[in-house]
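Trainee: Predicted model and sequence follow; I will ask about them next.
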Amino acid sequence: MRQYQLEHPHANSRGYVFVHRLVIEKSVGRYLTRKEEVHHLNGDKADNRLENLVALTHAEHMGLHYLMRREGHV
């Protein structure tokens with residue numbers, strides 16, 4: 001899900017930003033960098049509650065998914 005945020009520095013060409021990024025940004029009080037990604041802990045990409053989200057670097061995110069696949073969680 002995306003939200004219209006034309007003034008956001010990382011909005012797409014139509015002015016939209018993913019809601020999960022906006023939720024994390026509000027919590028940490030800053031914009032995420034382009035290198036930061038948001039992971040949904042319960043795997044439900046529609047569940048954008050703060051307690052279900054964690055910001056990670058791309059490497060951390062890929063490592064997490066690798067471990068999840070290896071352990072049979074995905």
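Mentor: Noted; the coordinates are in hand.
Trainee: Buried residues in stretch 4-12, which are they?
Mentor: With burial defined by 16 or more other CB atoms under 10 Å, the residues of stretch 4-12 counted as buried are Gln5, His8. For every residue, glycine as well, the C-beta is placed using N, CA and C.
Trainee: do you know how far Asp47 is from Arg69?
Mentor: 21 Å (CB to CB, to the nearest Å).
Trainee: ok, those two, which is more surrounded?
Mentor: Asp47 (13 against 10; other CB atoms under 10 Å).
Trainee: name the element Ala43 belongs to?
Mentor: If you look again at residue 43, you'll see it is Gly, not Ala. Assigned by DSSP states H and E, Gly43 falls within no helix or strand.
Trainee: number of nearby residues for it?
Mentor: Going by other CB under 10 Å, the residues that sit close to Gly43 add up to 11.
Trainee: Quick check, central residue of this protein?
Mentor: Val38 (2.2 Å; CA atoms, centre = their mean).
Trainee: can you give me phi and psi for the residue lying closest to it once chain neighbours are set aside?
Mentor: Closest residue in space to Val38, ignoring its immediate chain neighbours: His20 at 4.6 Å, by CB to CB, 6 or more residues apart in numbering. Main-chain dihedrals, His20, degrees, to the nearest 10: phi -60, psi -30.
Trainee: Now do Val17: how many residues are near it, please.
Mentor: Other residues close to Val17 by other CB under 10 Å number 20.
Trainee: Assess the claim that the residue nearest to Val38 and His40 are in contact.
Mentor: Yes: the pair His20 / His40 is scored as a contact, 6.9 Å apart, by CB atoms under 8 Å.
Trainee: can you count the residues close to the residue nearest to Val38?
Mentor: His20, neighbours per other CB under 10 Å, totals 23.
Trainee: so how far is Leu53 from it?
Mentor: On the measure of CB to CB, His20 and Leu53 end up 6 Å apart.
Trainee: what's the weakest-modelled helix or strand in this structure?
Mentor: Considering only helices and strands, the least confidently modelled element of the chain by mean pLDDT, DSSP states H and E is helix 58-70, at a mean of 88.
Trainee: Having no further points to raise, I will conclude here.
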